[in-house]
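Novice: Fold the stuff below for me.
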Amino acid sequence: MGSSSNTFASKAQRHPGPPLWLLAILYTVLFNAGLYPVTAFAGKPYWPGPWETPPVILSYFQTHAGPVLTCMFLQFGATICLGLFTVATVSRLRFLGSESAGPWIALFGGLLTVFDGVAACFAGWTMIHPAVLPNSSVVLGLYYLAFAFGGPGFSVPMGLLIAGIAIPSLMQRLLPRWLVVFGLVLAVTGELSWLHLVIPGALFLIPLTRFPGFLWLIAVGFLLPKTSQAQYRGVTAVQPAAA
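Specialist: Okay, the predicted model is just below:
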């Protein structure tokens, strides 16, 4: 008689996507390169904070359009890298078997961070346009709008992106526990930065989310597994014995 036997074997499958570590590093390098010409490190007057008086803010942008344009150009590129990192990471989490809401929360948070970052860059670019600079009230309005997009508009959704990656990774043991805990602390910090809208003193929560977040994303890029073990069924036919 003929018969067949079913066998199960494990086959490693590799996620078909860009290297996450490269996207995270590009995001970090481009963003911080954009910061350099508008900070004190460049040895020049630096980007004024929202606590400065209107004359100080106006004077800076009316006399430093070049460094501001360089900043907006580089940070726009950085934001695109963050968007690619977001969708590639969500795709990998799904590939690794995450069926929870976490990856979709990460997708929402990451894309909202990207949208707000792009909006901040475009507001900054518009602010230094020669046709806009003479209009003090318009420049001030665009400045505060750019700060809102790039401040709490960055840190709150970034917290969601980090939490959406960290929690599924904890459930499936995809990342080291220390990295997950670090991510959850950053996520909470990001959500608490929402308070800056009503409590100006909470401003420090925004850079506390942003700068350690660079390191966290790079670590995720290196440590999130690239392969999963897929089970497949093989059918082995057994020929009938000779009579």
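
Novice: Show me where the chain has its helices.
Specialist: Taking DSSP state H to define them, one finds helices in the chain at 20-35, 54-63, 65-95, 102-127, 136-150, 152-172, 177-192, 205-223.

Novice: Quick check: the residue most central in space within the chain vs residue 201, distance?
Specialist: Centroid-nearest residue in the chain, with CA atoms, centre = their mean: residue 82, separated by 4.7 Å. Per CB to CB, to the nearest Å, residue 82 is found 28 Å from residue 201. For the C-beta atoms, the positions are set from N, CA and C on the backbone; glycine is no exception.

Novice: So which of the helices of the chain is the most surrounded?
Specialist: Among those, ranked by average contacts under mean count of other CB atoms under 10 Å, first place goes to helix 152-172 (a mean of 24).

Novice: What count of nearby residues applies to residue 198?
Specialist: 7 (other CB atoms under 10 Å).

Novice: I'd like the helices of the chain written out as a markdown table, with mean pLDDT and distance to residue 14 added.
Specialist: Output for the helices of the chain, formatted as a markdown table (pLDDT from 0 to 100; distance: least, CB to CB, whole Å):
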| stretch | mean pLDDT | distance to residue 14 |
| --- | --- | --- |
| helix 20-35 | 97 | 13 |
| helix 54-63 | 94 | 48 |
| helix 65-95 | 97 | 9 |
| helix 102-127 | 97 | 19 |
| helix 136-150 | 96 | 36 |
| helix 152-172 | 97 | 17 |
| helix 177-192 | 98 | 22 |
| helix 205-223 | 97 | 16 |
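
Novice: what separates the residue lying closest to residue 57 once chain neighbours are set aside from residue 54, distance-wise?
Specialist: Closest residue to residue 57 apart from its sequence neighbours, by CB to CB, 6 or more residues apart in numbering: residue 48 at 4.9 Å. Taking CB to CB as the measure, residue 48 falls 10 Å from residue 54.

Novice: Likewise for residue 180?
Specialist: 44 Å.

Novice: Likewise for residue 24?
Specialist: 37 Å.

Novice: How about residue 113?
Specialist: The gap separating residue 113 from residue 54 is 29 Å, by CB to CB.

Novice: C-alpha coordinates for stretch 89-97, CSV please?
Specialist: Provided in CSV are the C-alpha atoms of stretch 89-97 (Å, rounded to 0.1, in the frame of the first residue of the first chain):
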residue,chain,number,x,y,z
THR,A,89,10.4,48.9,11.4
VAL,A,90,6.6,48.3,11.4
SER,A,91,6.9,46.0,8.5
ARG,A,92,9.6,44.0,10.3
LEU,A,93,7.6,43.8,13.5
ARG,A,94,4.7,42.3,11.5
PHE,A,95,7.1,40.0,9.7
LEU,A,96,8.4,38.8,13.1
GLY,A,97,4.9,37.8,14.1
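
Novice: Can you tell me what sits against that stretch?
Specialist: 13, 15, 17, 20, 102-104, 106-107, 110, 164-165, 168-169, 172, 174, 220, 224-226, 228 (CB atoms under 8 Å, 6 or more residues apart in numbering).
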